[in-house]
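1. Have a look at this prediction, sequence included:
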Amino acid sequence: VGIEAFARGRPVVAYDSGGIEQWLRDGTGIMVPRGDEDGLSRAIVELLDEQRWRSASAAAFATAAAYRLPDHIARLRAIYGGAA
């Protein structure tokens, strides 16, 4: 869901769990420690700042480019080509 949000220029606020740290980079949103409900609410409020939102939105949209199908297929071909 986070990468889909990026593709629409929407920054993400998420708990640091699972593989979130693999795609939620600084500048594209805010990651908070798992279970930190106060931290989650502070992060949401922080992103509501208009300047922060615009900056994070642009970074999120740019980051999504790496997940578009042609780029993804090129990376897979490189990985499988190296393994062959």
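-> Received the coordinates, thanks.
2. residues touching residue 14, list them.
-> Residues near residue 14 by C-beta atoms under 8 Å, 6 or more residues apart in numbering: 2, 20, 24, 29, 30, 31, 32. Quick note: C-beta positions are derived from backbone N, CA and C, even for glycine.
3. Make JSON lines out of the residues you listed and add neighbour count and distance to residue 67.
-> As requested, these are exported to JSON lines (neighbours: other C-beta atoms under 10 Å; distance: C-beta to C-beta, whole Å):
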{"residue": "2", "neighbour count": "21", "distance to residue 67": "10"}
{"residue": "20", "neighbour count": "15", "distance to residue 67": "14"}
{"residue": "24", "neighbour count": "22", "distance to residue 67": "13"}
{"residue": "29", "neighbour count": "24", "distance to residue 67": "15"}
{"residue": "30", "neighbour count": "20", "distance to residue 67": "19"}
{"residue": "31", "neighbour count": "20", "distance to residue 67": "18"}
{"residue": "32", "neighbour count": "18", "distance to residue 67": "23"}
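4. Got the phi and psi for the most centrally placed residue in the chain?
-> Geometric centre of the chain, nearest residue: residue 24, 3.5 Å, by C-alpha atoms, centre = their mean. Main-chain torsions, residue 24, degrees, to the nearest 10: phi -90, psi 100.
5. Over to residue 25?
-> Dihedral angles (degrees, to the nearest 10) for residue 25: phi -100, psi 160.
6. check contacts around it.
-> Counting by C-beta under 8 Å, 6+ apart, residue 25 has contacts 59, 63.
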